[in-house]
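1. Show me how the following folds:
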Amino acid sequence: MTTYVALLHSIVLGGGRRVVMSDLRATVESIGFRSPRTLVATGNLVFEADNEAVADVEAALETAFTRDFGKHVDIIGRSAEDWIALAAGNPFSDASASEAPNIIVRAMRTPLSRDVLPGLQRHSTNGEKIRIVNGDLWIHFPAKPSTSKLVSALTTKRLGIGTLRNWNTVRGLRDMISA
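-> Okay, the predicted model is just below:
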């Protein structure tokens with residue numbers, strides 16, 4: 001048995017509807033994955049499954065999500081081991097605790113090449129720091145990320161399938177795995 005983390009790109013279904021976490025956990029169980037737990041109501045899962053390739057886990061979750069919620073949502077999966085490595089790779093981990101909401105990782109399905117950095121840095125302003133660690137994009141925003149021009153450049157079209165999580169969420173999922 002393996003522990004996995006899965007991140008939904010969006011829990012907004014349209015028409016003012018959002019995915020309820022208890023329904024999401026039921027969907028996960030319906031495909032044979034065990035002990036699903038969620039962290040905050042934004043589509044962060046930890047669960048157990050037979051030792052499967054992460055791509056197979058992602059595909060199974062995306063198919064079940066579409067079946068149960070009527071909308072496709074990209075889902076990024078990681079083994080527990082890989083998630084712990086992602087958390088350990090935070091290049092801005094020495095920032096103060098109050099800065100945690102401003103430290104963001106874009107967890108990628110396909111690792112990013114460092115070749116994307118110059119294009120992203122053109123959108124970066126006001127001291128924003130950008131790093132790629134093991135194919136994932138880390139950003140330290142000195143102000144609220146929602147005020148940054150860089151956020152609009154972090155699209156699937158430009159970077160590929162991925163989803164954003166802040167440092168508090170990354171640590172929370174790491175702690176759920178270790179519990």
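2. Give me the neighbour count for the nearest residue to D68 once chain neighbours are set aside.
-> Spatial nearest neighbour of D68, chain neighbours left out: T27 (4.6 Å); criterion: Cβ to Cβ, 6 or more residues apart in numbering. The way it works is simple: take the backbone N, C-alpha and C, and place the C-beta from them, glycine included. Counted by other Cβ atoms under 10 Å, the residues lying close to T27 total 19.
3. next one: the one 5 residues further on
-> Number of residues near G32 (other Cβ under 10 Å) recorded here: 10.
4. The residue nearest to D68 belongs to a helix?
-> Yes. Assessed by DSSP: H, G, I helix; E, B strand; the rest coil, T27 belongs to a helix.
5. show me the residues around it that make contact.
-> Shown in contact with T27 (Cβ atoms under 8 Å, 6 or more residues apart in numbering): L61, A64, F65, R67, D68, F69.
6. Relative to V19, how far out is the fifth one?
-> Separation of D68 from V19 (Cβ to Cβ, to the nearest Å) stands at 9 Å.
7. The two: which has the busier surroundings?
-> Legend: neighbour count by other Cβ under 10 Å for D68 and V19, higher for V19 (22 against 16).
8. Quickly find the element holding the residue of the chain most remote from its centre.
-> Largest separation from the mean C-alpha position in the chain: N126, at 24.8 Å (Cα atoms, centre = their mean). Following DSSP states H and E, there is no helix or strand that holds N126.
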